[in-house]
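Engineer: Let me see the structure of the following:
(one chain, ligands or ions: 2)
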Amino acid sequence: MRTNALKATMKAGRTAVVGWASLGSGYAAEVLGHGGVDAVCVDLQHGPIFLDRAVEMLTALSSTPATPIARPSGNDFAEINKLLDAGAYGVIVPMIDTAEDARRVVDAVRYPPRGRRSFGPARGLLYGGSDYAAHADDELLAFAMIETPQGLANLDAIAGVEGLDGLFIGPTDLSLALGVPPSPKWREEPLRGAIARIHAAAKAHGKLSGIFCMSPEMGADMRAAGFDMVVPGNDAMLLRGAAQAWCDAIRGEAASGPKPGY
Ligand code: 3PY
Ligand code: MG
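Structural biologist: Ligands and ions are numbered 1, 2, ... in the order given. The predicted structure follows:
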């Protein structure tokens, strides 16, 4: 089976930089995949993307050096099965509240006896290779997003779930969970402490840690803090920021720069 290069990078102790594809275009996902990132995550939760389009985006990513992964719209067994069958090499599942939720993620990602994933790898077989069935359980990544009050309360139990590869932080929902506005101030409390707690819980259980970042500065801080996976905003933020920077430069105006937020 084709190696999961994203997993290998993180397991080797290097911080992976993961693109976040929300524009709903195969071409845009392909461009992002050639942008120096280790992987691209197709976002079905907040991107205006449904399954058919996600399959096109995963197919487009096949011609890039980036590992294709996906964020499903929720913790849905059938949707996660379909995304993996379409060639995603891992999922980052939003709004995980309990260890039971996290076990459902593992169930959807691993074949029996480790989980309950149904067999029919379809495009996964084309992208992964003919020995996909023998290695998929070891190659595919299962991440649980911690971004709710319940997820924070059950952090340790979630981090301890067998078969789960890692925890992933959604800082804007996490801000709301902490009672502060969704534009994250990651250098200030209470977000600073919550991020540190989630990272520490992942490490205490031998798990990987990842985080979505709202600016290059946040990404650099999170890399320095030891996160295994850092997302440099989504493609819409990158496009808008780059367009704004060009406009400012051409007009000779003081750079207003890429703005945090969606
Ligand atoms: C969050 O910040 O809540 C996210 O889910 C990032 O996409
Ligand atoms: Mg979120």
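Engineer: residues from this protein in reach of ligand 1?
Structural biologist: Selection of the chain residues close to ligand 1 by C-beta under 6 Å from any ligand atom yields Pro94, Glu147, Gly170, Pro171, Thr172, Asp173, Phe212. For glycine as for every other residue, the C-beta is placed from the backbone atoms N, C-alpha and C.
Engineer: quick one: the strands in the stretch 101-250 of the chain?
Structural biologist: For the stretch 101-250 of the chain, strands defined by DSSP state E, counting those that start in this stretch occupy the ranges 141-146, 166-169, 208-213, 229-232.
Engineer: Write out the residues of the stretch 1-150 of the chain neighbouring ligand 2.
Structural biologist: Glu147 (C-beta under 5 Å from the ion).
Engineer: Any stretches of the stretch 1-150 of the chain with poor pLDDT?
Structural biologist: Judged against pLDDT under 70, the stretch 1-150 of the chain has no low-scoring part.
Engineer: Now it against ligand 2: closest residue?
Structural biologist: Closest to ligand 2 within the stretch 1-150 of the chain is Glu147: 4.7 Å, counting by C-beta to the ion.
Engineer: How many neighbouring residues does that residue have?
Structural biologist: Per other C-beta atoms under 10 Å, the neighbour tally for Glu147 reads 24.
Engineer: ok now do it, which residues does it touch?
Structural biologist: By C-beta atoms under 8 Å, 6 or more residues apart in numbering, Glu147 lies in contact with Pro94, Met95, Ile169, Gly170, Pro171, Thr172, Asp173, Leu174, Ala177.
Engineer: Look up phi and psi at it.
Structural biologist: Glu147 adopts backbone torsions of phi -160, psi 20, taken as degrees, to the nearest 10.
Engineer: Show me which helix runs longest in this protein.
Structural biologist: As assigned by DSSP state H, the longest helix anywhere in the chain is helix 235-251.
Engineer: In the protein, which residue is most central in space?
Structural biologist: The chain has Ile92 as the residue nearest its centroid, 4.8 Å off, counting by C-alpha atoms, centre = their mean.
Engineer: quick revisit: could I get the longest helix of the chain in PDB with only the CA atoms?
Structural biologist: Provided in PDB are the C-alpha atoms of helix 235-251 (Å, rounded to 0.1, in the frame of the first residue of the first chain):
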ATOM      1  CA  ASP A 235      -7.600  28.000   1.100                       C
ATOM      2  CA  ALA A 236     -10.100  30.800   1.200                       C
ATOM      3  CA  MET A 237      -8.100  32.700   3.800                       C
ATOM      4  CA  LEU A 238      -4.900  32.200   1.900                       C
ATOM      5  CA  LEU A 239      -6.500  33.400  -1.400                       C
ATOM      6  CA  ARG A 240      -8.000  36.400   0.200                       C
ATOM      7  CA  GLY A 241      -4.900  37.300   2.100                       C
ATOM      8  CA  ALA A 242      -2.700  37.000  -1.000                       C
ATOM      9  CA  ALA A 243      -5.100  39.100  -3.100                       C
ATOM     10  CA  GLN A 244      -5.200  41.800  -0.400                       C
ATOM     11  CA  ALA A 245      -1.400  41.900  -0.100                       C
ATOM     12  CA  TRP A 246      -1.100  42.300  -4.000                       C
ATOM     13  CA  CYS A 247      -3.700  45.000  -4.000                       C
ATOM     14  CA  ASP A 248      -2.000  46.900  -1.200                       C
ATOM     15  CA  ALA A 249       1.400  46.600  -2.900                       C
ATOM     16  CA  ILE A 250       0.100  47.800  -6.300                       C
ATOM     17  CA  ARG A 251      -1.800  50.700  -4.800                       C
END
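Engineer: So which bits of the stretch 151-262 of the chain are right by ligand 2?
Structural biologist: Counting by C-beta under 5 Å from the ion, the stretch 151-262 of the chain comes close to ligand 2 at Gly170, Asp173.
Engineer: in the stretch 151-262 of the chain, what residue is nearest ligand 2?
Structural biologist: Counting by C-beta to the ion, the stretch 151-262 of the chain gets nearest ligand 2 through Gly170, at 3.1 Å.
Engineer: how many other residues sit next to that residue?
Structural biologist: Gly170 has 25 nearby residues by other C-beta under 10 Å.
Engineer: Surely it is in contact with Phe143?
Structural biologist: No. Here Gly170 does not reach Phe143: they are 11.0 Å apart, not a contact under C-beta atoms under 8 Å.
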